Structures are given as C-alpha cells and as structure tokens.
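> Turn this into a structure:
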Amino acid sequence: MKGAVAVRKLAWFAVFFAAAALLILLLSEESKAWLWALPFISCAVFGLTFLLRRQDKPLTGILRMALLGFGVGCLYVLLWNQMIQQELSPLLDSEKTVEAVVLEDSSDTEYGIKTDIRIGRLRCTLYSNGVTTLEAGQRISVRAAFMSTLEKTKSDYYLSLGVPLFGYAKEEPVILGKASAYWRFIPARIGAFLRQRISKIFDRNSAAFLLAVLTGDRSKLKQDIWFSTMLRSSGVAHCVAVSGMHLSFLVMFLYVLLGRGRLSACVCIPVT
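Down below sits the predicted model:
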C-alpha cells in the first residue's frame with residue numbers, strides 16, 4: 001500500500017515536471033523572462049502547504065509533489081537552456097577548431113562517418129568523410145562547420161535527444177589521447193565490443209536484428225529495407241526498440257536473482 005502511494009506521488013511529480021517543460025517549450029522567447037519567478041512561487045506555495053490541516057493529508061501530499069515537480073521542472077529546463085545557449089551561440093553557423101570527447105564509437109552512414117561527441121557541455125553529432133574511426137572515451141581536435149539541428153532538420157527531434165548541434169568536419173580529426181574519468185565510457189566500450197562480435201558471428205539479417213535488440217543500434221536494420229518492412233508487417237517491429245518491455249525483462253531477471261525487496265530496488269534503479 002505504501003509503495004502504491006509512493007508511486008502515485010512520483011507520478012504527480014513527473015506529470016507536473018513534464019508540464020513545466022512543455023510550458024517553457026511552447027512560450028515565445030520574449031515571454032520566458034518572467035518564468036524565472038515560477039520556481040520561487042512554487043517553492044513558496046509548497047511551504048504554505050505545511051500549514052494545512054492534517055485531515056487533508058492525502059490531498060496535501062499530491063499538491064506538494066505537483067508543486068515540487070512543476071518548480072523543479074521550470075528551474076531545470078531554464079538552467080539547461082541558459083547553459084546550452086551560452087555555449088551554443090559562439091559555434092552556430094561558424095567554422096572552428098574545437099576539442100571534444102568522443103561519446104560513442106564512429107559508425108558508417110549514408111552521410112559519411114557519424115560520431116557523437118561532446119564539446120564542453122554540448123552534445124554534437126559529427127559527420128566526416130575521412131577514414132579515421134573514433135572510439136568512445138577519446139579526446140580529439142577537429143575543424144568543423146557547425147549548424148543547429150533545429151535549423152537543419154526543421155524539427156526538434158534531435159534537440160529532444162539533447163543534441164542541439166551538427167558538425168561537418170573539414171579536416172581529419174586528430175586523436176589527442178584518452179578523456180579524463182575514462183571509466184565513464186566503459187558501458188560504451190562494452191556496447192562496441194558486443195556490436196563487433198555480433199556482426200562477426202551472425203549473418204546479416206540476424207546481426208541487424210540482434211544489434212537492435214541488444215544494443216539499440218538500428219542503423220543496419222534500416223539499411224535492409226526488405227527486412228525492416230517484414231518486421232513492421234508482422235507487427236514485431238516494437239521488439240527492436242529499447243522500450244519498457246526490455247526494461248521489464250531486465251528488472252524481472254534481477255528480481256529472480258535478488259528477490260523482491262529493497263536490495264532489488266537499490267540494484268535495479270542504477271542498472272536501469
């Protein structure tokens with residue numbers, strides 16, 4: 001019972017956090033200045049809820065979580081936008097040499113070699129036509145022309161993934177060495193190892209399917225139009241999207257090993 005109540009409260013927090021993000025997204029740039037007051041107003045009303053009568057406790061709990069979610073949502077999105085814009089503005093529509101950290105191993109696409117990198121706090125998708133393949137955790141220097149993903153695609157899809165910038169390399173990237181705190185890239189290195197082994201062991205169709213299911217890499221699946229069409233026609237295309245189904249498999253496996261209890265929760269949350 002207590003667990004169900006906690007989940008409901010968390011749901012209210014999530015709903016109002018999302019509502020705050022949506023509000024900021026829909027409003028024009030000119031009207032966003034006054035939004036900085038909303039987190040403080042939410043905190044003030046949150047404090048006033050402690051003066052309510054005890055018999056209204058269930059409703060008060062929901063109200064508190066809603067106010068907290070809305071206030072935190074506004075503050076998070078506003079701070080994120082401000083930090084991103086400060087670093088994004090000098091790079092937009094310019095050609096510069098920058099230092100970056102490679103987040104994912106390079107992959108071949110129809111637009112060239114694609115590499116996800118981070119420049120400061122900015123996540124950027126870099127495209128190059130050379131032969132240098134990069135690995136997660138490397139520090140590189142590259143001269144590239146940069147463009148907003150929003151302007152290039154006329155869509156906020158990439159922005160919703162936290163990628164505000166496209167880069168188009170003008171020269172071969174230069175590898176400078178390993179990034180600091182290299183241990184953070186161990187999951188990416190494991191993923192790269194799995195992709196290499198799967199591609200080597202299995203035939204093309206099986207490898208494309210297993211890569212999508214196990215690592216979330218659907219690039220080879222999209223290249224095979226016949227196979228991807230068959231997946232959609234048979235109604236099992238959802239299996240290759242990393243979704244709640246995959247998370248439920250993972251969580252149930254951990255529950256079988258650890259049992260249902262606090263230990264499982266403490267393990268499942270960071271693993272997920």
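> My reading is that residue 155 lies in a helix. Confirm?
No - read with DSSP: H, G, I helix; E, B strand; the rest coil, residue 155 is coil and lies in no helix.
> any idea how far it is from residue 26?
Look at residue 155 and residue 26: by C-beta to C-beta, to the nearest Å, they are 16 Å apart. To be clear about C-beta, it is placed using only N, CA and C from the backbone, and glycine gets the same treatment.
> Equivalent analysis for residue 264, please.
39 Å.
> Of the two, which one has the most company?
Applying other C-beta atoms under 10 Å to residue 264 and residue 26 shows that residue 264 carries more neighbours, namely 16 against 8.
> what separates the closest residue to that one other than its chain neighbours from residue 88, distance-wise?
Distance criterion C-beta to C-beta, 6 or more residues apart in numbering; nearest residue to residue 264, sequence neighbours excluded, is residue 258 at 4.5 Å. Residue 258 sits 43 Å away from residue 88, taking C-beta to C-beta as the criterion.
> any idea of the pLDDT on the residue nearest to residue 264?
pLDDT, the model's per-residue confidence, is 86 for residue 258.
> All the strands of the stretch 101-250 of the chain, in order from the start?
107-109, 112-119, 122-128, 138-148, 165-169, 174-178 (DSSP state E, counting those that start in this stretch).
> can you dump the C-alpha coordinates of stretch 62-75 into CSV?
Below are the C-alpha coordinates for stretch 62-75, written out as CSV (Å, rounded to 0.1, in the frame of the first residue of the first chain):
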residue,chain,number,x,y,z
ILE,A,62,-0.4,15.2,-4.0
LEU,A,63,-0.3,19.0,-4.0
ARG,A,64,3.2,19.1,-2.6
MET,A,65,4.5,16.7,-5.2
ALA,A,66,2.8,18.6,-8.0
LEU,A,67,4.3,21.9,-6.8
LEU,A,68,7.7,20.4,-6.4
GLY,A,69,7.6,18.8,-9.8
PHE,A,70,6.5,22.0,-11.5
GLY,A,71,9.1,24.1,-9.7
VAL,A,72,12.0,21.7,-10.3
GLY,A,73,10.9,21.3,-14.0
CYS,A,74,10.9,25.0,-14.6
LEU,A,75,14.2,25.5,-12.9
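> residue ranges with poor pLDDT in this protein?
1-7, 28-32, 52-58, 241-243 (pLDDT under 70).
> residue nearest the centroid of it?
Residue closest to the mean C-alpha point of the chain, counted by C-alpha atoms, centre = their mean, is residue 161 at 5.0 Å.
> ok so, going back, comparing residue 258 and residue 88, which shows the higher neighbour count?
Applying other C-beta under 10 Å to residue 258 and residue 88 shows that residue 88 carries more neighbours, namely 19 against 15.
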